[in-house]
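# The sequence and its predicted three-dimensional model are supplied below.
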Amino acid sequence: MSSEITEILRTSVMEFVNKNVPSGENGLEKSGITPDLRKKLGEQGFLNLKLPAEAGGTGMDAESYIAVLEEFAKAEPSIAMEMFFLNSVAGRVLSHFEDGIELLKRAGRGEISFMTAIPSEFSRISSHSTETTITSDVPIAAGGSSDFLLMTDQSGRTLLVKDKINVRKIQKPLGFRAITWGGVETKNSQYEDLGKGKLEEIFLKQVNLEITAMALGIAEGAIEKTLEYTKVRKVFNTPLKDFGPVAAAVTNMKGEIDLVKHSLDSERREENSEVLRHASLELALNSARTSVQYHGGYGYFESFGIEKFYRDAMAMKMIFGGLKPRELLYRKIYGSDSGRI
């Protein structure tokens, strides 16, 4: 898709956010992604960007899709994350059978949402027969509601749980607070076995570019706010931007962001996707940390919107930057297993 059309898409994202998403102290993290907002996202076609045509998807190309994810993450990372769960995770898992297609259609229109259990060594999961029980003391599931649940059991099977899903303990997470996170419990639930290893395979290998786009958006959002703030904030009647260490730190971050952005737009992005995933997660965290530092005490005020980027960057690193993704990167760099000691 041409860069001109991609820029039009970016502009449409900004216009949607400015018109429909609350900001400031009473922003999206306070209200959450409401059914009304989800319906508007569906009506604008943002929820079904990469879903297959039979599920009502738009058939958008990868370049445009990751551009939209990046743009949403610059303003509201939680929306980008919900879009990611639907298009990149549920879309890949559920598009191969009739019931899954119907669920994707409804979710793409914003009529329902779902939860995805993040593969985690802390989850205690057991399943048997046609019923499944999940218990956990950590927030393993994320999504808008409990209309349905995608999860992996102890044997590695990917399951679609269709009913009797109880969000046992809704928790206030570190980041992405506009999305529901919590321990989930199901009893005597009907589920469908979708095959072994599918969900973990997606999280580990198939979503590197989407993760890169979201992390890049967080980094951009934080540094853009810092660039504007250091132009107007004065110390000893001198703008912060005129102090060498400040200018160096911010411009270095901006340069690293531009490099990752260029790599994400390049034809070799798939070949370098593991490296981009790792680099972007680090960049998001460093950029958000730099932004908090140069906003001083104001960086911790919710109304400035900086601490949100820092929390979301930290949460992304925890969810997507664990040991297994790093081991895959080590293997790519060394050409064999490494880093095991």
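Okay, I see it.
# switch to C-alpha atoms for all contacts and neighbour counts from now on
Fine.
# So which elements touch whichever helix in the chain runs longest?
In the chain, ranked by residue count with DSSP state H as the criterion, the top helix is helix 208-232. Judged by 3 or more CA pairs under 8 Å, 6 or more residues apart in numbering; DSSP states H and E, helix 208-232 is in contact with helix 62-75, helix 77-84, strand 238-239, helix 244-265, helix 273-294, helix 306-320.
# again, only this time at 7 Å
helix 62-75, strand 238-239, helix 244-265, helix 273-294, helix 306-320 (3 or more CA pairs under 7 Å, 6 or more residues apart in numbering; DSSP states H and E).
# Let me have those in TSV, extended by mean neighbour count.
TSV is the format used below for the helices and strands packed on helix 208-232 (neighbours: other CA atoms under 10 Å):
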stretch	mean neighbour count
helix 62-75	24
strand 238-239	13
helix 244-265	16
helix 273-294	24
helix 306-320	22
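# For the longest helix of the chain, give the mean pLDDT please.
In this model, helix 208-232 has an average pLDDT of 95.
# before we move on, what about stretch 86-100?
Stretch 86-100 shows a mean pLDDT of 90.
# in it, what counts as buried?
Across stretch 86-100, burial judged by 16 or more other CA atoms under 10 Å covers 86-95, 100.
# quick check, Gly110 in a helix?
No: applying DSSP: H, G, I helix; E, B strand; the rest coil, one finds Gly110 to be coil, outside a helix.
# show me the contacts for it.
Counting by CA atoms under 7 Å, 6 or more residues apart in numbering, Gly110 touches 38-39, 41-42.
# which one of the residues you listed is nearest Lys162?
Closest approach to Lys162 among the contacts of Gly110 (CA to CA): Arg38, at 20.6 Å.
# In terms of pLDDT, where does that closest one sit?
At Arg38, the model reports a pLDDT of 92.
# likewise Asp137?
Note for Asp137: predicted pLDDT of 38.
# next one: Ser127
Looking at Ser127, its pLDDT reads 43.
# What of the one 5 residues further on?
The score at Thr132 is 49. That number is its pLDDT.
# Over to Leu204?
With respect to pLDDT, Leu204 scores 89.
# is it true that it lies in a helix?
Yes: assessed with three-state DSSP, Leu204 lies in a helix.
# what number of residues lie near the closest residue to it other than its chain neighbours?
Spatial nearest neighbour of Leu204, chain neighbours left out: Pro325 (5.9 Å); criterion: CA to CA, 6 or more residues apart in numbering. For Pro325, the count of nearby residues is 18 (other CA atoms under 10 Å).
# low-scoring stretches of the chain, by residue?
1-2, 25-26, 120-146, 168-171 (pLDDT under 70).
# So Arg268, which state does it fall into?
On the basis of three-state DSSP, Arg268 is classed as coil.
# follow-up on the earlier one: next one: phi and psi at the residue nearest to Leu204?
Backbone torsions of Pro325, given as degrees, to the nearest 10, read phi -60, psi -40.
# so who does the residue lying closest to Met253 once chain neighbours are set aside touch?
Nearest-residue entry for Met253: Ser287, 6.2 Å, with adjacent residues in sequence omitted and distances by CA to CA, 6+ apart. By CA under 7 Å, 6+ apart, the contact set of Ser287 is 219, 222-223, 253.
# about what we covered before: show me the two of the buried residues of stretch 86-100 that sit farthest apart.
Of all pairs in these, the most separated under CA to CA is Ser88 and Gly100 at 14.1 Å.
# For Leu159, which non-adjacent residue is closest in space?
Asp193 (4.8 Å).
# Tell me who's in contact with the one you found.
Counting by CA under 7 Å, 6+ apart, Asp193 makes contact with 157-160.
# Next up, identify which helix or strand it is on.
strand 191-196 (DSSP states H and E).
# sorry, back to before: and of the contacts of Asp193, the nearest to Tyr310?
Tyr310 has its nearest neighbour among the contacts of Asp193 in Thr158, at 31.8 Å by CA to CA.
# number of nearby residues for the closest one?
Thr158 is flanked by 21 other residues according to other CA under 10 Å.
# need the strands for the stretch 51-200 of the chain, in chain order.
Under the criterion DSSP state E, counting those that start in this stretch, the stretch 51-200 of the chain carries strands at the ranges 115-117, 124-128, 131-135, 141-143, 149-152, 157-161, 165-170, 180-186, 191-196.
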